[in-house]
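Student: Requesting a structural model of the entry that follows:
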Amino acid sequence: MRLRVEFTTEPFDLEEAPAHAVAAREVIQKAQLDAVDVGPFGNTAEGEADRVLDAVGALLRNSLEAGATRVSLQVNVLGEDTP
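Tutor: Have a look, this model is predicted:
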């Protein structure tokens, strides 16, 4: 099974990426996932279910430890007809 995760961390800082955002992005970039897209207001990545779920756990731990006060995420199952 393949999954897509979309996430944001808060609080936002428009001047520079806060430590919690950097921590979350580093987890996703190191997780060997496909189609990783990081941006200032949202991030997405796709991959095999085990890798995505492991990355989500690490993302939550690391971003909260780095000062996130809120982490919003959505996980979708990708099918053959999912864009």
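Student: The longest helix that the chain contains packs against which elements?
Tutor: The helix spanning the most residues in the chain, taking DSSP state H as the definition, is helix 49-65. Counting contacts by 3 or more CB pairs under 8 Å, 6 or more residues apart in numbering; DSSP states H and E, helix 49-65 is packed against strand 2-10, helix 19-30, strand 43-48, strand 70-78. In this view, the C-beta of every residue, glycine as well, is placed from N, C-alpha and C.
Student: That one vs strand 2-10, what angle?
Tutor: Angle, helix 49-65 to strand 2-10, by axes from the mean of the first three to the mean of the last three CA atoms, to 10 degrees: 10 degrees.
Student: Give me the contacts around the helix or strand of the chain with the lowest mean pLDDT.
Tutor: Every helix and strand of the chain was ranked by mean pLDDT, DSSP states H and E. The lowest is strand 34-38, at a mean of 86. For strand 34-38, the surrounding residues in contact (CB atoms under 8 Å, 6 or more residues apart in numbering) are 4, 25, 28-29, 43-47.
Student: Equivalent analysis for stretch 15-29, please.
Tutor: Counting by CB under 8 Å, 6+ apart, 5, 7, 9, 11-13, 36, 38, 40, 43, 45, 55, 58-59, 62-68, 71 sit against stretch 15-29.
Student: cutoff 6 Å now
Tutor: By CB atoms under 6 Å, 6 or more residues apart in numbering, the surrounding residues in contact with stretch 15-29 are 9, 36, 38, 45, 55, 58-59, 62-63, 66-68.
Student: what's the lowest-pLDDT member of those?
Tutor: In terms of pLDDT, V38 ranks lowest among the contacts of stretch 15-29, with 81.
Student: That one bridge partners, please.
Tutor: V38 has these beta-bridge partners by DSSP bridges: N43.
Student: Test my guess that A45 contacts A31.
Tutor: No. Look at A45 against A31 with CB atoms under 6 Å: they stay out of range, at 7.2 Å.
Student: Neighbour count: those two, which is higher?
Tutor: With neighbours defined as other CB atoms under 10 Å, A45 and A31 compare such that A45 has more, 26 against 18.
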